Structure formats: C-alpha cells, structure tokens
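Enquirer: got a sequence here, can you build the structure:
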Amino acid sequence: MVDKSSSRAIKDFLAEAEEIIETLNLDLVRLGDQAESGDSNPDTINGIFRGAHSLKGISGMFGFADISELSHHMENLLDQLRLGKLSLSTGLIEVLFNSLETLTVLVNGKAENEDFTVDLQPLIEAINGVLGGTDSTAKPLEFLGLDPALLSVLTEYEEHRLLDNVTKGRTILRILANFSLASFDQDLADLTDTLRQLGEVISTLPSPGDGNDKIAFQILFGTKLPARDLTAKLDLEDVSVEQIGSGPAPNSQPTASDAEQDEFALEDAAGMVSTAGDPEPAAADEASSLRSISRTVRVDIEKLDNLMNIVGELVLSKGAISRLVEEIKNHVPSALSTDLHKATRILERRLDDLQAGVMEVRMVPISQLFEKMSRIVRRVANEHEKKVSLDIRGADTELDKLIVEDLTDPLVHIIRNAIDHGIETPAERQALGKPEKATICLWASQKGNHVVIEVKDDGHGIDTNQVRRKAVAKGLISADAELSKEEIYELLFIPGFSTRDQVSDLSGRGVGMDVVKNNISALSGMIEIDSEPGQGTSMIITLPITLAIIKALIVKTCEKTYAIPINSVLETLMIDPQQIETIEKREVMELRKSTLPLMRLADVFELSKPDQQNGQCFAAVVGMAEKRLGIVVDELLGQQDVVIKSLGSALSFVRGIAGAADLGSQKTILVLDVGGLMNEALRGESAVNV
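Expert: Sure, this is the predicted structure:
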C-alpha cells in the first residue's frame, strides 16, 4: 500500500479513477443500446477496453490490488469481445455493469479508508464463467484472396475486424493511394477522414511509391458501397480501388442453438453476480455512493480557452477606449475628460490584473506531467524486464495548461520507444560495460519565451544504416539516395515506419513517432533528434510557453498583414537586395559571420506581387532551439497584444498558419506558425498552399 504521507497523490488517483469510471459508465450505456440494436461500434468497445486498462494501470501503481485485479478481469473480458471471440449480448453487458458498480464502491470506500475492500470472488467467477465460452477457433482468411504478405502483417484485431465486415455482408476493398513525400501526412489524414464517413478503415500499411518522391499506402476498407461508387465519391488522383473476395466467411455465422446457449450462460453469470457477494456498503447507503469524493474541480480546457478569449477581447477594447480618451482629452480638455482618463487608467490596471490572473490559472508546473511519466517508466520497464531510473530536472518550469495536456501523449510515445527500442537488457548492458540500470533523463528549462524539454536515454542509439536499409526496403527512398544524418532521422517520423523486425506490445507496428511530430507541430513546437551509436538518443522538444494572449510583431507583405509571435522573433533587420545570395536554389544572407536561410512570405503563400516594389525589404529573424530563419517581408508595423483563435477543423490542413487574431480595428489577420514554417523552409520543401 502507498505510504499514508502521500495523501496528495492518493487524492489525485481517486479523482482520476472517478473520472475514468464516469466515462466507462457513459460508454457502457452506449454499448448497451448498441447491443439491443444488434450492431455494435468497435470504437465504443475499444474505448471501454482502454478505460479498463487505464484504471488497472493507475490502481496498480498506487498499490490498490483489488481495483487492479477487477479491472484486469474486465480488460480480459473486453479483449475477447473486441476480438470477436465473445458475442455482444445483454447478459455480457450486465456483467460489465456489475463490475463497474463494484469498482465505484471500491473507489468511494478508499476515499474514506485506503484499506477498504469488498469480496471480489463471486464477480471474478462470473467473469471467468463468461470467458469459458470463448470461441478460440481460428477463422481462415484465405478465401478473401488477399496477398499472403499482407495477411501476415495484420494484427489479430485487424483480422477480426476484416472478418466482421465480411460477416455483415460489407464490400471489402483494397485502396492503393500514392502521395507526395512533401505532403503525404496531411493527404493520408484527409483520405482516412473521408473513408471513415463511408465505412470502416480496417488497416493502413505503407507500400513502395511510384517514384523516389512518392510514398504509397494500402488501406483495407469495409463499406456497404460498391467499388465503383466509392471511386466516384473519392474522385482523387493516384488512388485506385480494388474489390477483394466475395461472399461471407466460411462458418462465420454461429448457429441459433449456439447463440442461445451463450446467452443462457451469460444470463446465469449475471444472476450469480446479483445474488452473491452484494457489497454491503452500497446497500447500506446508496445515496452516499453517488456523491463526489473529490473536492478538485477539473476544468475543461475549452472553458479556459473561452475565458482567455473574453479577456483578450477586453484587452482589445481597452486599447480602443484608451485611444478615444486621448482624442477627447486633446480636443476637449476639461475636468470631465480628465476624470475619464483616470477611470480608464484604473480600468487598465484592473484588466492587467485580470489578465495576469487568468494566465496564472492556465500556467502549471510541468512536474504534473513528469510525475505521470515516472509511473510510465516503472511500468514499461517492468514489462520488458529492464532496469531504468528516471532523472528529472526543471520540473518547476511552467507551461500553459493546454500545452501540458496535449504534450502527454507525445512524451508517453517517446519514453516507451526509448525503453523498448533504445535501452538494452541488464545482461547486454553489463556485457557492454554499462551500468546495469539504464537512465532516462527528462529535463525541462526555459529559454527566453520558449520551454525546451529533452528526453535522453543512455541506450544503444539510432543505427542510421539500419534505418536507411529499412527505408530502402519499404521503397521510401532509392538505394543511391544521399541523405544527411538529420534527413535519415526524419524517416522515423513517417507513418508506419519501424526498424523492428518483430512486433511487440509497445513497438514494432510503426505507430507513434509520426503522432509525436504531428502533436508537437499542432502546439507550434519543434522536435529534433540527436543520437550517438552506443551512447544513446536525445529527443529535444521546443515549445512556446503559452498559445493564449501573446505579443506579436505585425508585418505586411504584398498588401497582406500577418502576425509573428514575438516570442519567436530574435531580431529584425533592414536588408538590401545585394546582401541576398542564392546557394543551391535557396536564398541566404550573411549575418555576423554565419549563414542565415531566408524565406519570403510572398513565395510561401503564393501572393501576387505589385508591379513596383521598393528595393529594400525587412527580415524578422526567428529561432527555435538552435535553428534560425529570416522571414522576408515588405514592412514592419510594430508590436501588439493578440489573442490567437483556431481556424477550426475545416481549415486544419492549412500549413504555416497557427490561427487568426483580431487587431481591435475590426480587422482580422493570420498568425504565422513559426515552427511549421521553419520545418518547411529548413527541409527545402515547396510552397505552402493556403
């Protein structure tokens, strides 16, 4: 059991467990409705499975063995359901609901007494009784006529989803899509979103492209639409659709007698739970179990965003009022105008306090995130029988709550990859002369208006030759392609790319690093990789402190106005065309004995240039981590506080733009995504389309 002195950690656990149980309850209600309609949604089952898995993990970390054990049995039951080895029925739903009610009793009881428990044996026997009816008979897939190489890489869950679609009479299609390497990530996401509206995406696998600058993906897709109708709806170039197989899977439908026997077994199991081992605390005081056990208020990030937007609008209104007061004072000097000026100054001070207060609410120490990572490290290391210690530094560094929340998944992916891919086993480390226990460093520091987070391990590092061989084998690059070390590292962020020959529970499926990069880019951040063979790998993440109210440099180019977050601007320069040189088709200039790459906003956004232009122009030198870039514009209009507002999901494909902002003069401008622009420019990619 966890030390009693760690009461704060226990309260955090109870609050998180309560939230998970609330979500599970809503999902189970939804699944129950689907069971009655006879058509379950695999996403709902997967969501409940992940919830049970999360509850098992956090309860095990805090030493609550009873909650962990019951969650584990629920997870096993749900796993068999999601794999199609159990049929969805009202009896099974009843067993799950009884399990959830018992978990609620346990969590509520431990809020009063950490040693509180109930007898779980009758419920566990009921779950095992349901699992005893599991159909473990393998169903053949050869009748579909799929390529054996393709079948061999499907997971068990993907095989089940494929068979389930066939059983339900859906058309199985293989979609082959070729994308440009420059934009394949967004193009693939757009295609996947479109397909999900028309059916179920069963599996997505990378394939060799048509050329050196192409990458292809094979998508197995189940739909009620014929192949020709889907092709017409997609209407995309470099996308081909092929129907696979026909008819239902052999022996895929259970007989009526089998289904009835399964239903009776499930109802008996549900009855066993309701008649045996009914927890006394719940019966004694049902109302008390419905009361919240946590005094912590968990505020939705969107509510904080809305509050910050309101404060931002007030900041803009304050500026407009101040200008009007100054005009009145200059034109109509009087005691009334003087009093109005004083009142405006008081309003300004109070508004500054309000803005600082709201910002303080949003700013949280990154220790909240780092503490979660320590539990992840222990659990994953134990699963892989490796010894790993975590070195945390700079945990008091503060970040916007929105950024901290969205940074969780990328950090989990990075740490899991470090333990699974990078760190050797204790025996291997001893043979290499390394300490038996590996170290993962999780360091944070503030550099100017950015926060730098470094995740570093002392494992075997990244083998660039192996990465290159895998890329060639997958057709991602040609065998004679000349790539720098940094360009080879970029291959690790391609969806579906993995250096593993064998699939493990955590790695080898090529899922993770592309998600890491996309999530960090969405936060206007950058990620860099540095690795030394035999010494380890570093993942360096650079993020802005906040994405809320920021100071911005207002610039103009080709009569269009943009805002550049001032926290990324190092300096501004007036440059003469004669200072600009062209090296390998890219414009650069010399700045204090170093080469500064240049990017013209007019070229990036393909703006129409006026016929007559002044010879001189300006450059805003921006930087993140150690990288620098000069953004060339026509005019610098000064600094201003702005509130960044999202462009919405409809415009999420737009690159190089972080959002929009109101200048307070009824004029809306676009805010540049400095991290995204730097990634595009420094990789030498083509223009951004907006």
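Enquirer: low-confidence ranges, the stretch 201-350 of the chain, go.
Expert: 209-211, 245-301 (pLDDT under 70).
Enquirer: in this protein, what secondary structure element scores lowest on mean pLDDT?
Expert: helix 280-284 (a mean of 42; mean pLDDT, DSSP states H and E).
Enquirer: and after that helix, which helix or strand comes next?
Expert: Next helix or strand after helix 280-284 toward the C-terminus (DSSP states H and E): helix 301-331.
Enquirer: what's the burial count for Arg350?
Expert: Neighbourhood size, Arg350 [other CB atoms under 10 Å]: 11. C-beta here means a position set from N, CA and C on the backbone, and glycine is covered the same way.
Enquirer: ok, it - contacts?
Expert: Counting by CB atoms under 8 Å, 6 or more residues apart in numbering, Arg350 makes contact with nothing.
Enquirer: ok, now Gly394?
Expert: Ile366, Trp443, Ala444, Ser445.
Enquirer: 7 Å instead, please
Expert: Trp443, Ala444, Ser445 (CB atoms under 7 Å, 6 or more residues apart in numbering).
Enquirer: which ones among these lie within strands?
Expert: Trp443, Ala444, Ser445 (DSSP state E).
Enquirer: could you pull up phi and psi at the residue of the chain most remote from its centre?
Expert: Distance from the C-alpha centroid of the chain peaks at Ser334, with 58.2 Å (CA atoms, centre = their mean). Here is the backbone geometry of Ser334 (degrees, to the nearest 10): phi -160, psi 170.
Enquirer: any idea how far it lies from Thr171?
Expert: Distance of Ser334 to Thr171, given as CB to CB, to the nearest Å: 80 Å.
Enquirer: hmm, back to that, can you tell me which of the ones in strands among the contacts of Gly394 are buried?
Expert: Burial by neighbour count, 16 or more other CB atoms under 10 Å: within the ones in strands among the contacts of Gly394 this picks out Trp443, Ala444.
Enquirer: which of the ones in strands among the contacts of Gly394 lies closest to Glu302?
Expert: Ala444 (25.6 Å; CB to CB).
Enquirer: tell me what the closest one is bridged to.
Expert: According to DSSP bridges, the residues that bridge with Ala444 are Ile453.
Enquirer: is it true that it touches His450?
Expert: No: using CB atoms under 7 Å as the test, Ala444 is too far from His450 to be in contact (11.1 Å).
Enquirer: name the element Glu490 belongs to?
Expert: helix 485-490.
Enquirer: what element comes up after that helix heading to the C-terminus?
Expert: Per DSSP H and E, helix 485-490 leads on to helix 513-522 as the next helix or strand towards the C-terminus.
Enquirer: domain map for the chain?
Expert: Domain ranges of the chain: 7-135+259-290, 142-243, 301-361, 366-544, 549-682, per automatic domain parsing.
Enquirer: quickly note the distance from Leu553 to Cys441.
Expert: Taking CB to CB, one finds Leu553 at 35 Å from Cys441.
Enquirer: likewise for Asn518?
Expert: 24 Å.
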